[in-house]
Structure formats: structure tokens, C-alpha cells
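1. Below: sequence and its predicted model.
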Amino acid sequence: MFVAIEGIDGVGKSTVITALRKKLENDGYRVYTTAEPSQSPIGRLIRDWLLKPRTNVVHSSIYALLFTADRVQHYYGEIKPMLDKGYLVITERYMESTLAYQGAMGLPQEWLMELHRFVPKSDLTIILDAPVDTVVSRLSSRRELEVFEVDKEFLSRVREILLRRASMYNYPVINADRELRLVVDDVYRLIINALRRVA
Ligand code: TYD
């Protein structure tokens, strides 16, 4: 099974995924965790260039093209091979990140969808959600901020699109403005239930 964990910057995706993996491994599941932007050359290009606050990207479509190019490589080069070996794959960010972030940049949803023609949707998409003020205060105490993290208005638009699409496609939304243990338990339960359904 292929699970994508989505949500705005600072909502706690990586911390939740680390805890989740331990829990699932204790149950005997073989779990492979990964993240986007990926470790591929395209993912590195994104980190080195696109996400630097002072970069001079000439058109917003470049973000969508590179993030989706990285995703196609990530899926066929890393995710699918691990699924084929029988792993439960959990990715931090997938398709919904492009629909929300590049959608919030003003790019049309239909075109963003079209860019995903050659990759499948994840079997389960879970949205971690918290208010923008909460995540921005968490982020600024951490490190130098990346390009999208500095702008509350932008992150609010991203959050809106994530929540809108969640209600359109019935993606579960987990309140991540709570103690970590509670968030992890909720996500864990969603995954276990989905695993039971496919078994
Ligand atoms: P992030 O998850 O913060 O990576 P890291 O923790 O390694 O810095 O992702 C980096 C930024 O890229 C984040 O602000 C979200 C943005 N992003 C998009 O705009 N579109 C996408 O498709 C993806 C995957 C990420």
C-alpha cells in the first residue's frame, strides 16, 4: 500500500512519519519511508535552486514542471520498486503538494492534474492540518526559512486548497495542532484500517 502524508510546512509531517514507522514496524509491517522533493538529481536541483528565497525563477510554471518531474522519477525509480517488493510505502508529500502549492501560485488545477497523467494517485492520502499561525511560529524557531515558508498569506492559500480537495476527494484530515502522540495514533489507525480493507 502506498500512503501520502500531506500538509503545509511545519505541520509536523516528518516527525509524525518517523513515529508512525516505528509503530508499524513493531507490528511487523515492512515500511519504507521517503519524501519529496526526493533525493534524485531533480530533487537536489529543486532544493539548490527553487527553494532559495532569493532565487530568480522567471515563471511559476517551472516550479510545477520540476516538482512533477521529480515526482515521476521518485515514483518509478523508488516508490514503485519498493511497493513491488511488498513494502508499505509512506511518502512525505506527493501530488497534493503540487496541486496546493503551485495552485496557490496561480497555476490552473487542470494543467497541474494533467502533469500527473503518468503517475498513479496514492492508495491513501492523509492531510495533517494546523492553523498557519501555529506552523509559522514553529518554523521560525527552527532554521533559515525556505521560499514558501515566509509568507503567511501564501500558506493560507495552500491550506485552503488542501482542505478543499480533501473534502472533494474524501481525504481524511487530521488535526495536527495537538500533542504528537494523539496525531500519530489517529494517522496510525487510518493506515491500519486501510490495510485491513485491502487485505
Ligand atoms: P519540504 O517538505 O519543506 O521539504 P524539506 O523539509 O526537505 O525542506 O518541501 C519543500 C518546499 O517545497 C515546501 O515549502 C513545499 C514545497 N513544495 C511545492 O511547492 N510543491 C511540491 O510539489 C512539493 C513536493 C513541495
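-> Arrived safely. Numbering: from 1, shown residues only.
2. and Thr91, what helix or strand is that in?
-> Assigned by DSSP states H and E, Thr91 belongs to strand 88-92.
3. Packing partners of that strand?
-> In terms of contacts (3 or more Cβ pairs under 8 Å, 6 or more residues apart in numbering; DSSP states H and E), strand 88-92 is packed against strand 2-6, helix 13-26, strand 31-35, helix 180-198. Glycine gets a C-beta too; all of them are placed from N, C-alpha and C.
4. Pull the residues that contact the last one.
-> What that stands for is helix 180-198. Residues outside helix 180-198 that contact it (Cβ atoms under 8 Å, 6 or more residues apart in numbering) are 1, 3, 5, 12, 15-16, 19-20, 23-24, 29, 88, 90, 123-124, 126, 128, 172, 174-176.
5. how about the residues of this protein that lie near the ligand?
-> With Cβ under 6 Å from any ligand atom as the criterion, the chain meets the ligand at residues 9, 36-37, 51, 67, 93, 97-98, 101-102, 146, 148-149.
6. what pairs with the strand holding Thr91, and is each one parallel or antiparallel?
-> Using DSSP bridges, the strands paired with strand 88-92 are strand 2-6 (parallel), strand 31-35 (parallel).
7. export those strands to CSV and tack on mean neighbour count and mean pLDDT?
-> Formatted as CSV, the strands paired with strand 88-92 follow (neighbours: other Cβ atoms under 10 Å; pLDDT from 0 to 100):
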stretch, mean neighbour count, mean pLDDT
strand 2-6, 24, 98
strand 31-35, 18, 98
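8. give me the residue from this protein nearest the ligand.
-> Tyr101 (3.0 Å; Cβ to the nearest ligand atom).
9. Can you give me every residue that contacts that residue?
-> 63, 67, 148, 158.
10. Kind regards, and thank you for your time.
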